[in-house]
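Asks: any chance you could fold what I've pasted below:
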Amino acid sequence: ENCYRSLTWQLLLGYVPANASRRAFTLLRKRREYASFSQCFSRLDNKTMTTSDEQVLRLVRSDVPCAGPNCMGVFRSVRLQICLERLLYTWAMRHPASSYVQGMKDIATVLFAVFLEGRYDGDVLMDETRLEDVSDDTLGEVEADSYWCLDRILSGMQDHYTPDQPGIQEMIFRLEALIKVAAPDLWSHFMDEGINFMHFSFKWMNCFFARELPLCHVLRIWDTYLSEDEIG
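Replies: Residues are numbered from 1 along each chain as shown. From the prediction side, this is the model:
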């Protein structure tokens with residue numbers, strides 16, 4: 001199932017072509033492209049970084065150690081955390097309008113988990129020691145694949161990460177409207193108790209449930225998300 005989900009998500013996101021004969025070349029080209037422009041992370045120098053760059057890097061580095069749905073053991077690995085730092089910092093530098101916002105890390109780690117697990121039989125995610133068997137080349141490929149798929153997802157929801165996050169506010173408004181119609185008693189109870197939908201559903205919309213549910217449930221929900229015409 002893991003290998004099928006990995007490929008299926010990449011197909012649904014348009015990262016790899018449906019034509020199987022073109023996939024190997026496409027993956028090679030995209031991975032090389034990512035390796036080329038992610039070198040900015042390897043050349044970080046406090047003397048040349050702007051204050052804004054330093055703030056972004058500091059935010060990413062404070063966020064990444066908490067990475068991984070349900071604190072999966074493999075995400076405590078320094079090797080993997082460096083991959084995530086590089087991936088997220090590179091994305092932020094290439095998208096200065098939104099830069100890095102908390103919540104992006106959660107999306108990236110779900111992608112990383114699926115693409116890493118897709119390479120191996122058994123549960124590699126819960127056991128940090130299993131990562132010793134993963135080569136640097138393989139981690140680099142998983143990192144590149146995760147970057148491009150993250151880019152595909154975020155490109156369709158930029159308004160989630162701009163000031164005031166209007167995209168998330170719209171999703172929460174739609175959720176409340178749905179509950180009001182589908183479960184009016186529940187909606188009335190929330191109103192009577194003074195419960196604001198923003199208070200409990202913001203993280204649902206911001207992280208696609210990655211912080212709220214066990215990974216097995218998150219993956220099934222994302223299967224549905226990615227199968228829709230428009231992500232989320």
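
Asks: for the spatially most central residue of the chain, what are its contacts?
Replies: Most central in the chain under C-alpha atoms, centre = their mean is Ile107, positioned 1.8 Å from the mean C-alpha point. Going by C-beta atoms under 8 Å, 6 or more residues apart in numbering, Ile107 touches 150, 153-154, 207-208, 210. Where you see a C-beta, it was placed from the backbone N, CA and C, and this is true even at glycine.

Asks: so the closest residue to Asp145 other than its chain neighbours versus Leu27, what's the distance?
Replies: Spatial nearest neighbour of Asp145, chain neighbours left out: Phe115 (5.0 Å); criterion: C-beta to C-beta, 6 or more residues apart in numbering. For Phe115, the distance to Leu27 (C-beta to C-beta, to the nearest Å) stands at 11 Å.

Asks: got any residues that touch both of the two?
Replies: Counting by C-beta under 8 Å, 6+ apart, the residues touching both Phe115 and Leu27 are Asp145.

Asks: the residue nearest to Asp145 against Trp148, yeah?
Replies: No: taking C-beta atoms under 8 Å as the definition, Phe115 is not a contact partner of Trp148, at 10.5 Å.

Asks: quick one, what contacts Phe115?
Replies: Contacts of Phe115 (C-beta under 8 Å, 6+ apart): 6, 10, 142, 145-146, 149.

Asks: 10 Å instead?
Replies: 2, 5-7, 9-10, 141-146, 149 (C-beta atoms under 10 Å, 6 or more residues apart in numbering).

Asks: could you do His160 as well?
Replies: Counting by C-beta under 10 Å, 6+ apart, the residues that His160 touches are 98, 101, 103-104, 154, 166-171, 205-206, 232.

Asks: and which of those is nearest to Arg58?
Replies: Val101 (13.9 Å; C-beta to C-beta).

Asks: wait, what's in contact with that closest one?
Replies: 59, 63, 92, 154, 160-162, 165, 206.

Asks: before we move on, back to that, going through the contacts of His160, which ones are buried?
Replies: Those of the contacts of His160 that meet the buried threshold are 98, 101, 103-104, 154, 167-168, 171, 205-206, by 16 or more other C-beta atoms under 10 Å.
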